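*Asks:* Next one to model:
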Amino acid sequence: MRIDLVANGLIKDLTYFKKEIKRSDLIIAADAGYDYILNAGIIADIFVGDMDSVCSNIDHDVHQIVLKKDKDKSDLEIALDLAVSLKPSDVYIWGALGKRLDHQFFNIDLLLKYKKNNIKIKDHDVELYIVLLIL
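*Replies:* Residues are numbered from 1 along each chain as shown. Modelled structure (predicted):
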């Protein structure tokens, strides 16, 4: 199963994003990542967030996991916890790069946290992932 998560970073090429995300079995929007999905004309399966940055109203057909604003993890990290718990073969994170530098570093660090789960940060010109070498 392929899961695509959409965060609130920069997605440079919406045409490529729309083409790629249609291959997903499950789409999870992390807070304002929902706005990207909506602008692409795609319906998210799950919304995860504290609603501090999403601009759009969440459709009633979308399963909503509304978080408290005061928490120890980011919306994306909690969405990633959910995705990993479903034991997918692949997880792609869109919108993890390109806006706030502190968020970019944190999102790249999430790859290390979930290094055994085949998670990739993706955009039209980049695919970041961790390779484990067992010696």
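
*Asks:* Please count neighbours and contacts with C-alpha atoms only from this point.
*Replies:* Noted.

*Asks:* Are there helices or strands packed against the helix of greatest length in the chain, and which ones?
*Replies:* Longest helix in the chain by number of residues (criterion: DSSP state H): helix 101-113. Counting contacts by 3 or more Cα pairs under 8 Å, 6 or more residues apart in numbering; DSSP states H and E, helix 101-113 is packed against strand 119-123.

*Asks:* From the contact counts, what lies against the strand it packs on?
*Replies:* Helices and strands touching strand 119-123, by 3+ Cα pairs under 8 Å, 6+ apart, are strand 90-94, helix 101-113, strand 126-128.

*Asks:* rewinding a little: in the longest helix of the chain, what's buried?
*Replies:* 103, 104, 107, 108, 110, 111 (16 or more other Cα atoms under 10 Å).

*Asks:* Can you give me the distance of the first one to residue 35?
*Replies:* When Cα to Cα, to the nearest Å is the yardstick, residue 103 and residue 35 sit 18 Å from each other.

*Asks:* What of the fourth one?
*Replies:* Counting by Cα to Cα, the gap from residue 108 to residue 35 is 22 Å.

*Asks:* so residue 95 touches residue 123, yeah?
*Replies:* Yes - the criterion here is Cα atoms under 8 Å, and residue 95 meets it with residue 123 at 7.5 Å.

*Asks:* what touches both of these two?
*Replies:* Contact criterion Cα atoms under 8 Å, 6 or more residues apart in numbering; residues shared by residue 95 and residue 123: residue 11.

*Asks:* Which of the helices or strands spans residue 78?
*Replies:* In this structure, residue 78 sits in helix 75-85 according to DSSP states H and E.

*Asks:* for the spatially most central residue of the chain, which residues make a bridge with it?
*Replies:* Geometric centre of the chain, nearest residue: residue 5, 2.6 Å, by Cα atoms, centre = their mean. Beta-bridge pairing for residue 5 (DSSP bridges): residue 28, residue 93.

*Asks:* The closest residue to residue 100 other than its chain neighbours in helix, strand or coil?
*Replies:* With Cα to Cα, 6 or more residues apart in numbering as the criterion, residue 100 has its nearest non-adjacent residue at 7.6 Å, and that residue is residue 9. Following DSSP: H, G, I helix; E, B strand; the rest coil, we place residue 9 in the coil state.
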